[in-house]
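Asker: Please find the sequence and the predicted model below.
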Amino acid sequence: MDFRQLRTFSCVAELGSLSKASDTLRVAQPALSRQIKLLEHELRTELFTRNGRGMVLTEAGRLLLARTSGIVRQIDQIRDDIQSAQGPLSGHVVLGLVPTVSCVLSARFARRCVETYPGITLRIVESYSGHLVEWLHRGEMDLAILYGRSADLHLTVQSLGRDNIVAVGPRGCGLARKKSVEIGWLLRQRLVLPSHSHGLRALIEHAAAQRKIKLDVQLEADSFRVLTSLVEEGLGFALLPPSSVHGEVADGRLETAVVSKPMTRELIVASPIDRPPSTATVAVTALLREEVTACRKDGVWDIKLS
């Protein structure tokens with residue numbers, strides 16, 4: 001196996017199409033097809049199933065991608081770092097954001113990054129913390145803002161601060177009038193929550209267990225936008241950071257109230273522990289912290305900074 005073959009394989013696997021990979025790599029399709037066939041010949045197995053819809057990874061292909069995608073990205077980053085040392089900063093950075101942070105930060109930060117570092121290509125991936133941690137461990141992501149106790153993650157982490165959690169309900173539910181609610185009362189209401197695999201659910205379950213309260217959860221949603229839409233429809237209450245529903249509250253679609261016993265979650269910037277960050281990643285991380293501070297000053301994110 002050589003690097004050209006692995007880079008071709010990784011690109012085709014990601015895009016699911018030889019023609020799209022050809023456009024991305026600026027290499028003719030026959031040449032890409034030949035590299036894939038040489039790789040399959042060397043490994044003595046098929047890596048893709050070809051059909052009318054494109055290229056689909058076989059089991060062997062998925063294994064190869066999992067083992068080599070991080071290696072390919074590291075070699076690309078070495079090239080970018082060397083070029084940045086001799087000229088303007090350049091490179092490709094993959095940034096992961098949990099949904100409640102993404103809705104506040106992604107557009108603002110993307111604009112700031114483009115204006116500050118025009119040579120850096122930024123890819124923003126939105127997902128829950130568990131998925132982001134997995135992609136960081138596999139080397140498929142450079143850094144992520146997520147929730148969690150830093151000691152449990154086996155990643156390089158920097159604390160950003162703590163995010164408040166408030167009660168969220170539909171228009172007319174009375175939360176805005178109350179302004180503050182008891183956590184015991186809230187936990188006895190019908191709730192709309194993410195599934196058990198997510199950190200926010202674990203936090204709420206723990207609070208309920210401490211008070212010996214059985215949660216009433218008929219609806220679960222692992223999509224932040226679906227979760228808030230279910231609350232808008234009056235199907236239950238939620239517990240979320242106030243910044244994540246700022247627009248909906250301003251439009252009168254949702255109401256919030258602080259919880260009498262404050263609930264907070266630690267927010268961190270995480271990166272892989274087993275490899276040094278690229279020059280572009282270091283620059284993006286510093287810019288990210290500046291933007292979080294700016295969001296706090298602008299009043300769009302009520303985060304308690306570390």
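Answerer: Right, received. Where do you want to start? Residues are numbered from 1 along each chain as shown.

Asker: Wait, residue 47 touches residue 39, no?
Answerer: Yes: Residue 47 is in contact with residue 39 according to CB atoms under 8 Å; the separation is 6.7 Å. Backbone N, C-alpha and C define where each C-beta goes, glycine included.

Asker: residues bridging contact with the two, i.e. touching both?
Answerer: Both residue 47 and residue 39 are contacted by residue 9, under the criterion CB atoms under 8 Å, 6 or more residues apart in numbering.

Asker: So what pairs up with residue 254 in the strands?
Answerer: Per DSSP bridges, the residues bridged to residue 254 are residue 170.

Asker: What residues does it make contact with?
Answerer: 168, 169, 170, 171, 228, 231, 232, 245, 248.

Asker: which helices and strands does the helix or strand hosting residue 38 pack with?
Answerer: Element membership for residue 38, per DSSP states H and E: helix 29-43. Helix 29-43 makes packing contacts with helix 3-15, helix 18-25 when contacts are defined by 3 or more CB pairs under 8 Å, 6 or more residues apart in numbering; DSSP states H and E.

Asker: and those, which is most packed in?
Answerer: helix 3-15 (a mean of 19; mean count of other CB atoms under 10 Å).

Asker: for that helix, what is the average pLDDT?
Answerer: For helix 3-15, mean pLDDT is 88.

Asker: Also stretch 190-198?
Answerer: Stretch 190-198 shows an average pLDDT of 89 in the prediction.

Asker: what distance separates the start and the end of it?
Answerer: 19 Å (CA to CA, to the nearest Å).

Asker: same check, this time on stretch 193-200
Answerer: 8 Å.

Asker: Other residues contacting it?
Answerer: Contacts for stretch 193-200 (CB under 8 Å, 6+ apart): 128-130, 147-148, 165, 201-202, 204-205, 215, 217, 220-222, 227, 238-240, 265.

Asker: One more: stretch 4-20?
Answerer: 21, 24-25, 27, 29, 32-33, 35-36, 38-39, 47-48, 53-57, 61, 64-65, 68-69, 71-72, 76.

Asker: just the buried members of those residues?
Answerer: 21, 25, 27, 32-33, 35-36, 39, 47-48, 55, 57, 61, 64-65, 68-69, 72, 76 (16 or more other CB atoms under 10 Å).
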